[in-house]
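Asker: predicted structure and sequence below. I'll ask about it afterward.
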Amino acid sequence: MPTAVIMPKFEMAQETGKVATWLKAEGDVVKKGEAILEVETDKVNLEVEAMADGVLMGISARPGDVVPIGQTIAWLLKPGETLPAAGPAVDSAQPTAAAPAGRPAAQSAPAGAGPGTSASPLAARLAESLGVDVASIKGSGPRGQVTREDVEAHVAAQARSTVGNEEVQGTVRAVPAARRVARELGVDLRTVVGTGPEGRIQSDDVRTHFETAKAGAQAAASAAEPVSTQAEPLTALAAFPGSPAVRRLVPLTNIRRTIAERMTASVREAPQFTVSLDADMTRALAIVEDLRINAAAASPSAVASASTSGGQPRVTLTTLLIKASAWALCQHPEANAAYQDGQIAEWDEVNVGVATAIDAGLIVPVIRQADRLGMREIAARLGDLTTRARENRLKIEDLQGGTFTVSNLGMFGIDQFTAILNPPQAAILAVGRVAKRAVVTADDRVEVRPVTTLTLTADHRVLDGATAARFLATLQRVLEHPGLLME
């Protein structure tokens, strides 16, 4: 039976995927597990592997095409097989859990992890991302364990079936994101025409319907008003006298659009406030320098680079900030949380994201379980993530699951700034440069010391001012006394 190649789902809120390039041409013989195409998501480009051996045929999506999740875009044929007749595709339902990837939220279990169900960690994550119940899959691994191949085969079988995996409410079929947008805009889904597989309503369908209805209402209102002899209002770009000519209009890239949408949603949905204080970085800089010297001494013949010192991972101030933040989060678990559906979810892991600037925009790769890692382990992971981010080689799991974010602009000479929350996290730390400042000591002497300003932005639904202040004071204490990290 032919094997369907479907547009995969990499992210929880993903509705479509864009074909970046086909790595194999139609008619090529491919092996199971071999990369056959590259898909562009909102954050990174990801390779899609063949789920079976066969000849690649029936490619229906070309580079640049945006395809709904679950739609068949090609087929893998074995000897003697022919292309099947066109049939409905599957639009995998989105999981409702918003817990960091790779682990459950508090008091919840991963999708498909029902009683008596055994699945490999990779299979469980894949099933969760595709909205598939692991309990419904027959495992082929040791002792009946569900493997990644079992999940992929299950999804492919769904794509060949005549009945898709639907999100049905009454007679209306819509993806969860479309239902959320409909609630926000007050749109009745029964009046919306869907453009997804089998007529399923996508979020863009809801927005288009809303804008069309709004324009129609405005036109009707204008027709009912008396004709005015006044000039029509100027367009936005020419609304002010003396406005300069537009040099060029720059289309938004996927990552730029994602940043715009998520930051706008963050400010709109979360009541955010900030608290700031200064930290004396004398000891912090000393311990970073000690680690650098020790690494160089361990391998004196090695050539140091931007990411290594003496052949070992280079420990930087950002490394220490990650470790210190993880330590402080363990002291204040209420800050390692998120607001979800009228409840506060406190995570059982400390995964620190690091805001990283790349040519395409801003991304936040995640250092998982940072509280359990040593400084050199954090430095190694940070160096690897940064390198792969700049080479556009990050995997989707590198960007998921963060519970707290550190944004350090000190290397750009910024003294202090306020960061916007990275949803659904409850807090983000903004760090300015370390600069020499006059400090009054406990015995009233004035000394010049290296000082940085720490600014915490917090979600007021999760944290109060006093709670945020206590967390920031703990972070200040561990940076001024980094020996606490040895406990």
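Answerer: Nice, I can see it.

Asker: run a quick neighbour tally on the nearest residue to A380 once chain neighbours are set aside.
Answerer: Spatial nearest neighbour of A380, chain neighbours left out: P313 (4.0 Å); criterion: Cβ to Cβ, 6 or more residues apart in numbering. The C-beta positions use only the backbone N, C-alpha and C, and glycine is treated the same way. Around P313 there are 21 other residues, counting by other Cβ atoms under 10 Å.

Asker: any idea what P313 is bridged to?
Answerer: T308 (DSSP bridges).

Asker: use 626 as the first number from now on
Answerer: Happy to do that; since the first residue is 626 now, the last one works out to P938.

Asker: SS state for S901?
Answerer: Here S901 is recorded as strand under DSSP: H, G, I helix; E, B strand; the rest coil.

Asker: wait, it touches L1081, no?
Answerer: Yes. Counting by Cβ atoms under 8 Å, S901 touches L1081, with 7.5 Å between them.

Asker: returning to what we had before: tell me the contacts of the residue nearest to A1005?
Answerer: By Cβ atoms under 8 Å, 6 or more residues apart in numbering, the contact list for P938 reads 920, 932, 1001, 1004-1005, 1007-1008.

Asker: and if you look at L1100?
Answerer: With Cβ under 8 Å, 6+ apart, L1100 has these contacts: 904, 949-950, 953, 1054, 1079, 1081.

Asker: and T944, how far is that from L998?
Answerer: 10 Å (Cβ to Cβ, to the nearest Å).

Asker: more neighbours: which of the two?
Answerer: Ranked by neighbour count (other Cβ under 10 Å), T944 and L998 place T944 first, with 25 against 20.

Asker: related to what we said a few turns ago, need the residues touching each of S901 and L1081.
Answerer: Contacts common to S901 and L1081, judged by Cβ under 8 Å, 6+ apart, are L1097.

Asker: so for these two, which sits in the more crowded spot?
Answerer: The neighbour comparison of S901 against L1081 (other Cβ under 10 Å) goes to L1081, with 23 against 15.

Asker: in this structure the more buried one contacts A904, no?
Answerer: No. Using Cβ under 8 Å, L1081 makes no contact with A904, being 11.9 Å away.

Asker: okay, the longest strand seen in the chain in PDB with CA atoms only?
Answerer: Ranked by number of residues, the top strand in the chain under DSSP state E is strand 1071-1084. The C-alpha coordinates for strand 1071-1084 follow below in PDB (Å, rounded to 0.1, in the frame of the first residue of the first chain):
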ATOM      1  CA  VAL A1071      33.200  55.000  48.300                       C
ATOM      2  CA  GLU A1072      34.700  52.400  46.000                       C
ATOM      3  CA  VAL A1073      34.600  51.900  42.300                       C
ATOM      4  CA  ARG A1074      33.200  48.400  41.500                       C
ATOM      5  CA  PRO A1075      31.700  46.600  38.400                       C
ATOM      6  CA  VAL A1076      27.900  46.800  38.600                       C
ATOM      7  CA  THR A1077      25.100  45.600  36.400                       C
ATOM      8  CA  THR A1078      21.400  46.400  36.500                       C
ATOM      9  CA  LEU A1079      19.000  43.500  36.600                       C
ATOM     10  CA  THR A1080      15.400  44.100  35.500                       C
ATOM     11  CA  LEU A1081      12.700  41.400  35.900                       C
ATOM     12  CA  THR A1082       9.500  41.600  33.900                       C
ATOM     13  CA  ALA A1083       6.700  39.500  35.500                       C
ATOM     14  CA  ASP A1084       3.200  38.400  34.800                       C
END
